[in-house]
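K.L.:
Give the three-dimensional model of this entry:
(chains A and B)
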Number of protein chains: 2
Amino acid sequence: MKQNIPSTLPRLEVCLTPALIPLYNVQDYIVVVIDIFRATTSICYGIENGAEAIIPVSQVEECSAYLEKGFDYLLAAERNGEVVAGFDFGNSPFSYTQDKVEGKTIVLTTTNGTHALHLSRAAKKIVIGAFINLTSVCSWLKQQNENILLVCSGWKNNFNLEDTLFAGAVVEQLKDAGFRLDDPAIAANDLFKLAKDDLNQYLKKTSHSERLKKLGIEADIEFCLKVDLTTAIPVLEGERLVRLAQ
Amino acid sequence: MKQNIPSTLPRLEVCLTPALIPLYNVQDYIVVVIDIFRATTSICYGIENGAEAIIPVSQVEECSAYLEKGFDYLLAAERNGEVVAGFDFGNSPFSYTQDKVEGKTIVLTTTNGTHALHLSRAAKKIVIGAFINLTSVCSWLKQQNENILLVCSGWKNNFNLEDTLFAGAVVEQLKDAGFRLDDPAIAANDLFKLAKDDLNQYLKKTSHSERLKKLGIEADIEFCLKVDLTTAIPVLEGERLVRLAQ
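P.N.:
Residues are numbered from 1 along each chain as shown, chains lettered A, B, ... in the order given. From the prediction side, this is the model:
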């Protein structure tokens, strides 16, 4: 009699920080990169609003270099919550509205998110997740029948709560679809279940939240925790994030 | 008017895996090394029961080398849940009873725990924690007025639930004593609060637990989750773990 053998199920795993990516054979996975405050939220929103592509880079200098290439790029870079002089805008998702980004290519400076993307390069495919495209990315993941690795960009290579909560939200939508979970996936899911009724309130107890509040980006934070505002799924093609054709 | 300035409070932080230790300036902390299944539980139990010292090593070969030194050591090493031929016993805490260990020095082979200890060497002090000495180690920590880093040994450099739950149990006892918590400490504490009424039941959903069950060490697991059976606190002196004088 044939039985359902659990070990043949695809894996759904959570990599809690980019520093742990080398522990995984990323080539065996579809990777979802997560950087909720604010890179992956802004990327999802920009792609939803018609940006042709978003190119994530890690240094402001790297971003500036695109100026010299002479292409018609929009450049996004912040330092300490302020738009860097000479740049088009910062990292607030509110900058990525249709009137600003439609048809454009944007070079976005983001340290943690870019780091996670680079270390995940060998993956079967890399897509971008945020609360604003949660259900869309989960529905797509369910159809792939592949191992899935949710990579939290974290904060300076260490664990942060907001990215982990999002990973837990993905686990919540996928866990009954036949995946083997690892310990970080179980933990992330349990933390999400604790926090889900009021993500903003839950995150207020973190020190990171204090830091962000000082930057005056509370409206950004609130936006970054909204669920299912968008349906576009950004996917990495070469160095460019573009809209996944579904 | 003088105010209590939060930024002067000592820090209570959780390092979720040994791979993340390099992110901390360990010399600024008292480190608690945690490897619940089963190294730090066995170490706490052995020191409680009068072992003169326990020397943790990472390889069976390294353990064997002590045979050739001609000292009267007890050697503890397992592979796949079996005592290695020629060794005195394995890693079960039940081996560390008074009649077996009193007055003896034991060389204990433990991969994850030794790794965490080695990477924490520069700390102000390194002590060993397990559920069986939970309150004792917390009471001592409260008196130190130092930054505290709870280092989870994890599993092959990655996150595991049992070590994180213990870290969360320490946070539970210390959090009202005036510490600044980081995100991993908040997460560990919330997971502990979810699990504390039945740690064993909570951990049954992990894949690691399945693996341990196959090794036939369910009685060990149950023992490793018992709270406050002992009061001794093992402390690292050179390469030896000995009883902390209190």
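K.L.:
going on from the lowest-mean-pLDDT helix or strand in chain A, what's the next piece of helix or strand?
P.N.:
Among the helices and strands of chain A, helix A:207-214 carries the lowest confidence by mean pLDDT, DSSP states H and E, at a mean of 69. Once the chain leaves helix A:207-214, the next helix or strand it forms, by DSSP states H and E, is helix A:218-224.
K.L.:
which helices and strands sit right next to that following helix?
P.N.:
In terms of contacts (3 or more C-beta pairs under 8 Å, 6 or more residues apart in numbering or on different chains; DSSP states H and E), helix A:218-224 is packed against helix A:199-203, helix A:207-214. (Each C-beta comes from the backbone N, C-alpha and C, glycine too.)
K.L.:
which one is the residue most central in space within chain A nearest to, not counting chain neighbours?
P.N.:
When C-alpha atoms, centre = their mean is applied to chain A, the residue found nearest the centroid is A:I34 (2.7 Å). Distances taken as C-beta to C-beta, 6 or more residues apart in numbering or on different chains put A:D163 closest to A:I34, at 4.7 Å, once the chain neighbours are dropped.
K.L.:
How many neighbouring residues does that neighbour have?
P.N.:
31 (other C-beta atoms under 10 Å in any protein chain shown).
K.L.:
just the one 10 residues further on next, same as before
P.N.:
The tally of other residues near A:Q173 (other C-beta under 10 Å) stands at 15.
K.L.:
check contacts around the spatially closest residue to it that is not a sequence neighbour.
P.N.:
Closest residue to A:Q173 apart from its sequence neighbours, by C-beta to C-beta, 6+ apart: A:C138 at 3.9 Å. Going by C-beta atoms under 8 Å, 6 or more residues apart in numbering or on different chains, A:C138 touches A:170, A:173-174.
K.L.:
Apply 10 Å and report the result again.
P.N.:
A:32, A:129, A:148, A:169-174, A:177, A:228 (C-beta atoms under 10 Å, 6 or more residues apart in numbering or on different chains).
K.L.:
any chance you could map the helices in chain A?
P.N.:
Listed in chain order, the helices of chain A (DSSP state H) span A:39-48, A:60-68, A:98-101, A:111-119, A:134-142, A:161-174, A:183-195, A:199-203, A:207-214, A:218-224.
K.L.:
Go ahead and confirm A:V60 touches A:G90.
P.N.:
No - A:V60 lies out of contact with A:G90 (C-beta atoms under 10 Å); the separation is 11.1 Å.
K.L.:
Which one's more surrounded, these two?
P.N.:
Taking other C-beta under 10 Å, A:V60 and A:G90 do not tie; A:G90 has more neighbours (21 against 17).
K.L.:
so who does that one touch?
P.N.:
A:38, A:42, A:76-79, A:81-84, A:108-109, A:217, A:220.
K.L.:
Please dump the residues you listed into TSV; it should also carry distance to B:E210, pLDDT and neighbour count for every row.
P.N.:
Shown next, in TSV, are the contacts of A:G90 (distance: C-beta to C-beta, whole Å; pLDDT from 0 to 100; neighbours: other C-beta atoms under 10 Å in any protein chain shown):
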residue	distance to B:E210	pLDDT	neighbour count
A:R38	39	92	27
A:S42	40	96	33
A:A76	46	92	29
A:A77	47	86	25
A:E78	46	79	19
A:R79	48	75	12
A:G81	46	69	15
A:E82	51	77	11
A:V83	51	85	17
A:V84	51	86	18
A:L108	42	93	26
A:T109	44	90	25
A:I217	43	81	21
A:D220	42	92	22
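K.L.:
what two of these are the furthest from one another?
P.N.:
A:V84 and A:D220 (17.0 Å; C-beta to C-beta).
K.L.:
check contacts around the closest residue to A:R79 other than its chain neighbours.
P.N.:
Nearest residue to A:R79 in three dimensions, chain neighbours excluded: A:V60, at 6.8 Å (C-beta to C-beta, 6+ apart). By C-beta under 10 Å, 6+ apart, the contact set of A:V60 is A:75, A:77-79, A:84, A:86-87, A:109, A:111.
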